[in-house]
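>>> Following is a predicted model, sequence given first.
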Amino acid sequence: MLSIVIPALDCADSLARTLAALAATGDAGVEVVVVDGGSSDRTRGVATAAGARVLRAEGGRGAQLAFGAGAARGDCLLFLHADTVPGPGWAEATARFTADLSNRRRAAYFRFALGDPAPAARRLERVVAWRARVLGLPYGDQGLLLGRQFYEDIGGFKPMVLMEDVDMARRIGRRNLVALDVPAVTSAARYRAGGYVARPLRNLTCLGLYFLGLPPALIARIYR
């Protein structure tokens, strides 16, 4: 069974689109686990109406991911952000990856895409593709697919308030990361609001501070 773990917080509208895309395959062998971080909007109701298991865990996205993975029933895990919609062919691509025994000690991620026709969005997509391919640092909005045994062997997600995806990617290792040729379309709202230059620069600054050893809780204050 494939378990899809989605951390959520006050994201009812975007979560509804993501869950609709997941349900479109009609695969009864897929379990969707939504881990709510204490939403004040319709997030939990949207998840329940879509047939997802709804759990509650506070303490940031890392804690939500870890809790969801621990509660999930599947022997394969796909971690997905609530505002990220996997594109056509995602189910087939994940099935091929998990069926290949040579991938037992590997993890896969989707191709980053933004729901915005602006040229700046295409430039950012190319930068993200380079970062994931060359540096081995796909972020959470690209999804992460791996077997449960491998997930547990490398220690799973840490209950970090920020940089939990970077921490996980580093423990997986660049050589063990596989790019799936399927887009994962993420909402561009935060880039339109924060700017296609300013926001990536802030993200890069936070990444640099993390590699310098600053505590994630402190970096989170800068990020927000």
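Arrived safely, thanks for sending.
>>> in the protein, which spans are helices?
Under the criterion DSSP state H, helices of the chain are mapped to 12-23, 43-49, 61-71, 90-99, 119-130, 148-153, 164-172, 189-194, 198-211, 216-223.
>>> List just the one of those that sits closest to residue 82.
Closest of the helices of the chain to residue 82 is helix 12-23, at 4.4 Å (criterion: Cβ to Cβ). Every residue, glycine included, has its C-beta placed from N, CA and C.
>>> where's that closest one relative to the chain centroid, distance-wise?
Computed by Cα atoms, centre = their mean, to the nearest Å, the chain-centroid distance of helix 12-23 equals 14 Å.
>>> So which helix or strand of this protein has the lowest pLDDT on average?
The weakest-scoring helix or strand in the chain, judged by mean pLDDT, DSSP states H and E, is helix 216-223 (a mean of 80).
>>> between it and helix 164-172, what angle do the directions make?
130 degrees (axes from the mean of the first three to the mean of the last three Cα atoms, to 10 degrees).
>>> tell me what helix 216-223 is packed against?
Secondary-structure packing of helix 216-223 (3 or more Cβ pairs under 8 Å, 6 or more residues apart in numbering; DSSP states H and E): helix 198-211.
>>> what does the helix it packs on contact?
124, 127, 137, 162-163, 166, 190-191, 194, 216, 218-219, 222-223 (Cβ atoms under 8 Å, 6 or more residues apart in numbering).
>>> between the residues you listed, which is closest to residue 23?
Nearest member of those to residue 23, counting by Cβ to Cβ, is residue 190, at 25.3 Å.
>>> give me the low-pLDDT residue ranges for the chain?
26-28 (pLDDT under 70).
>>> can you point me to the longest strand in it?
Longest strand in the chain, counting residues (DSSP state E): strand 177-186.
>>> Would you mind writing the CA trace of that strand as CSV?
Presented in CSV, the C-alpha positions along strand 177-186 are these (Å, rounded to 0.1, in the frame of the first residue of the first chain):
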residue,chain,number,x,y,z
LEU,A,177,17.7,10.6,-5.1
VAL,A,178,15.8,10.0,-8.4
ALA,A,179,13.9,12.6,-10.4
LEU,A,180,10.5,11.5,-11.7
ASP,A,181,9.5,13.1,-15.0
VAL,A,182,6.1,14.2,-13.6
PRO,A,183,5.4,17.8,-12.6
ALA,A,184,4.2,18.7,-9.1
VAL,A,185,2.4,22.0,-9.5
THR,A,186,2.7,24.2,-6.4
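>>> when you give positions from now on, start the count at 472
Sure thing, new numbering starts at 472, so read that last one as strand 648-657.
>>> so what strands line up beside that strand?
Sheet pairing of strand 648-657 (DSSP bridges) gives strand 555-557 (antiparallel), strand 578-585 (parallel).
>>> out of the ones you listed, which comes closest to residue 537?
Nearest to residue 537, of these and by Cβ to Cβ, is strand 578-585 at 15.8 Å.
>>> that older thread, could you export the helices of the chain as a markdown table, including distance to residue 504 and mean neighbour count?
Listed next are the helices of the chain as a markdown table, based on distance: least, Cβ to Cβ, whole Å; neighbours: other Cβ atoms under 10 Å:
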| stretch | distance to residue 504 | mean neighbour count |
| --- | --- | --- |
| helix 483-494 | 11 | 19 |
| helix 514-520 | 9 | 19 |
| helix 532-542 | 5 | 22 |
| helix 561-570 | 16 | 17 |
| helix 590-601 | 26 | 14 |
| helix 619-624 | 13 | 15 |
| helix 635-643 | 17 | 20 |
| helix 660-665 | 24 | 14 |
| helix 669-682 | 27 | 14 |
| helix 687-694 | 24 | 15 |
